[in-house]
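**Student:** Below is the sequence, then the predicted model.
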Amino acid sequence: MGVSDAELMAQAVVTTPRDPAVWQVARATELARIFRLPYVKRGDRSLDELLERFSAVVAVADPARIHMRGASHALFFHPSMAAQRLDRRHRRGEPDRLLRAAGVQPGDVIVDGTLGLASDAIVFADAVGMNGHVVGIEQSALVARLMQAVQHCGCKAYPDAAGLLRRIEVLECDHLTWLRQQPDDSVDVVYFDPMFRQPTANSPSIVPLRQAASPQPLRDEVISEARRVARRVVVVKERPQSGVFEQFGLTPDRPRGQFAYGVWRKYV
């Protein structure tokens, strides 16, 4: 069993590459502020040596790569499938499956209750436009602060995705706690993409995220609060055979396949 989020953050630090340039030292200082972690000088120590002492090392990159003890790959920002989805939507005029399932419109207010690396939230931010609003809730402090670091520092490798990420209100908190504080019918769409219980493959992008993210499955009270807060739709991404759609009374957009979007509409 891995360490908890609190334990991970309590044993994490920020550092630079070996023989850092002046700007890398400055970036490390800025990342230490954003992650709320101590900055330690790298010296001649390898990352493996640092991970013998610390549970996670946030290293200066573009803007940061997070190395966790026991993880085979680093955690860093990338748009994943969002880039392809945006390209298909804008260049080819193809409808996006999630946007269609959720009925997203320009100007909508959308809550992504399981932000992760913000792949879906970036698509939402593009779709709702400048007059809309996307709230991204992430329980893992390490993941939430990574997203905030990208918002603050940018990302040269993925500038378009980073620009859309800046439109998202990233909150580091539990989604149930946040939902309980919201008025009835105060957002248009509430969306969840919890970690699948059984991953299909050991993707280099998913393995470190799985180690850092909350392992909690969705609970009845979360869906109940989401239904109260949503004006129109609650959507959950899951496997059709998982039993989750039946548990929460959701209608899958596809009955078969690797995943489906389970939809509940307030007014049919």
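**Tutor:** Sure thing, it's come through.
**Student:** Just say helix, strand or coil for the closest residue to A230 other than its chain neighbours.
**Tutor:** Nearest residue to A230 in three dimensions, chain neighbours excluded: V190, at 4.6 Å (CB to CB, 6 or more residues apart in numbering). Placement of C-beta: from N, CA and C, glycine included. Judged by DSSP: H, G, I helix; E, B strand; the rest coil, the three-state class of V190 is strand.
**Student:** What residues are bridge-paired with V190?
**Tutor:** V111, V234 (DSSP bridges).
**Student:** thought it was touching R232?
**Tutor:** No. Shown here, V190 and R232 do not form a contact pair, counting by CB atoms under 8 Å, at 9.4 Å.
**Student:** So which of the two has more stuff around it?
**Tutor:** Using other CB atoms under 10 Å as the criterion, V190 and R232 rank with V190 on top: 31 against 18.
**Student:** can you pull the contacts of the more buried one?
**Tutor:** I110, V111, G113, L179, A226, V229, A230, V233, V234, V235 (CB atoms under 8 Å, 6 or more residues apart in numbering).
**Student:** do that again at 7 Å, thanks
**Tutor:** V111, G113, A226, V229, A230, V234 (CB atoms under 7 Å, 6 or more residues apart in numbering).
**Student:** ditto for L250
**Tutor:** Taking CB under 7 Å, 6+ apart, one finds V236, G262, V263, W264 in contact with L250.
**Student:** Dihedrals phi and psi, it?
**Tutor:** phi -110, psi 150 (degrees, to the nearest 10).
**Student:** pLDDT score assigned to it?
**Tutor:** At L250, the predicted lDDT confidence score is 97.
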